[in-house]
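>>> only geometry, no sequence info:
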């Protein structure tokens, strides 16, 4: 250390001592002032982690609950077909409000605020590439096709593409699973190709098992935008979860059809339904 | 002594640091306790969410059936508490189950069960809660559960936390809330009493 600098340091210390003849006045306040921002960041950081974990857990539970409710509503005892109308889809998807009571839309305890969400309920059929509907040893793949897809959204849902937990997706409606067999991954976080993997072990599709029939699946997709306390510095996170259940058997048909005749007003959110053409049957 | 006589007590700065700390200790400890409380709330919320989901499933398939006029006793003792595996203190849980009236969905009926109704006429904390009704096949069912946990910040700063009556005594607690909604698939056996849904208040 150069001599001049050392002398300056000594003088500075002396000056400090001289400037504070009382000695220790305000020390605790100074220390608190230094520690407070750190503690505040810890406080809100912990709060956010807690809220995010709860949101993640509830998003997963919501997906399961939505698809379960839809499956039960599609069955009418004694009926030969299973079908869902817009009202029933609305009811099934409104489960999100009770599975995530922290959502603050009109009521709720506000833990999760007005984080935007989109719930999508769809039915996806699997048309085998082989001649029959049963996979035998040589049929190695099936083509998933969306039959119908409906969604309930609130809070101006938009995917935040800067979030590390999100795959690219639509920033505005529609939030349906796209019709047709080819669904680009950019259109839905969990596209129909991934869905096939979700419901079928790869070994079965690879010909490891015989007589595997893939029945139409009811699929619930839940996406929720988690807004951290310091949303200015920390990007929003979009949590998403999917759940599937085999479409219930009604008579001989195992396909839940969309019944457009019955509909009702939407008490919450925005409900839309997209129906696709029936998948082409293999020759 | 001379200093005291000349300048008075105000000039004595020997105790200023402890004094300042005494003032700053309140926000300091409030923050510390707040951190603890949030961590604890995360734990309670996760446990409550899990147990509510499991209870919903067991009601859905008819493992536990409650009719109008029955209390939440059986539900708590047979379904809720065993699934908690000792994670939460069972008497602090208040639970309610109600079918959702026709025409409503889970949004319009999400506040169907109030804490007062679920706690029953007797105080929460005793083994007897409010009425439950698990409905029948095809009905929409709402399950709500509250947990009255300790509030750490509320002990220090009384505006935090909520006051509920627990075993006859008003206590300041941290309330955690979880709900589940599902479609019942339990078909009542012949001779079982019916369970008409209540009107939304």
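Perfect, thanks for sending it. Because the structure is a prediction, the values reported are computed rather than measured.
>>> Residue A:40: what's its closest spatial neighbour, skipping adjacent residues?
Computed as CB to CB, 6 or more residues apart in numbering or on different chains, the closest residue to residue A:40 that is not its neighbour in sequence is residue B:31, at 7.5 Å. The C-beta positions use only the backbone N, C-alpha and C, and glycine is treated the same way.
>>> now for the host helix or strand of the one you found, which elements pack on it?
Secondary structure assigned from DSSP states H and E places residue B:31 in helix B:16-60. Secondary-structure packing of helix B:16-60 (3 or more CB pairs under 8 Å, 6 or more residues apart in numbering or on different chains; DSSP states H and E): helix A:27-74, helix B:81-84, strand B:93-99, strand B:140-150, helix B:152-156, strand B:169-183.
>>> What's the mean pLDDT across the shortest one?
Spelled out, that is helix B:81-84. Averaging pLDDT along helix B:81-84 gives 87.
>>> buried set for it?
B:81, B:83, B:84 (16 or more other CB atoms under 10 Å in any protein chain shown).
>>> is chain A contacted by that helix?
No. Using CB under 8 Å from any CB of the partner chain, helix B:81-84 stays clear of chain A, coming no nearer than 14.5 Å.
>>> same thing with the fourth one?
Yes. Figure legend: strand B:140-150 in contact with chain A (CB under 8 Å from any CB); contacting residues B:140, B:142.
>>> what's that strand packed up against?
helix B:16-60, strand B:93-99, helix B:115-119, strand B:169-183.
>>> Pairing partners for the last one, with directions?
Right, the one you point to is strand B:169-183. strand B:140-150 (antiparallel), strand B:162-166 (antiparallel) (DSSP bridges).
>>> quick one, it and helix B:16-60 angle?
Counting by axes from the mean of the first three to the mean of the last three CA atoms, to 10 degrees, strand B:169-183 lies at 40 degrees to helix B:16-60.
>>> which stretch among the helices and strands packed on helix B:16-60 comes nearest residue A:222?
helix A:27-74 (4.6 Å; CB to CB).
>>> avg pLDDT for the helix or strand just after that closest one?
Using DSSP H and E, the helix or strand that follows helix A:27-74 in sequence is strand A:83-85. Regarding strand A:83-85, the rounded mean pLDDT is 80.
>>> Same check on stretch B:36-45?
So the average pLDDT for stretch B:36-45 ends up being 90.
>>> List the buried residues for it?
Applying 16+ other CB under 10 Å to stretch B:36-45 flags B:37, B:38, B:40, B:41, B:42, B:44, B:45 as buried.
>>> before we move on, the earlier item: out of the helices and strands packed on helix B:16-60, the one nearest residue A:175 is which?
helix A:27-74 (13.6 Å).
>>> Need the contact partners of stretch B:181-188.
Stretch B:181-188 is contacted by residues A:65, A:68-69, A:72-73, A:94-95, A:97-99, B:56-57, B:59-62, B:65, B:99-100, B:106, B:110, B:134-143, B:194 when judged by CB atoms under 8 Å, 6 or more residues apart in numbering or on different chains.
>>> List buried residues within those.
A:65, A:68-69, A:72-73, A:94-95, A:97-99, B:56-57, B:59-60, B:62, B:65, B:99-100, B:106, B:110, B:134-136, B:138-143.
>>> Specify the beta-bridge partners of residue B:177.
residue B:146.
>>> related to what we said a few turns ago, what angle do the helix holding residue B:31 and helix A:27-74 make?
10 degrees.
>>> Not counting its neighbours along the chain, what's nearest residue A:257?
residue A:83 (4.6 Å).
>>> For that neighbour, give its distance to chain B.
Going from residue A:83 to chain B by CB to the nearest CB, to the nearest Å gives 14 Å.
>>> what is the orientation angle of the helix or strand harbouring residue A:243 with helix A:27-74?
Residue A:243 belongs to strand A:237-246 when assigned by DSSP H and E. Here strand A:237-246 points in a direction 20 degrees away from that of helix A:27-74 (the same axes, to 10 degrees).
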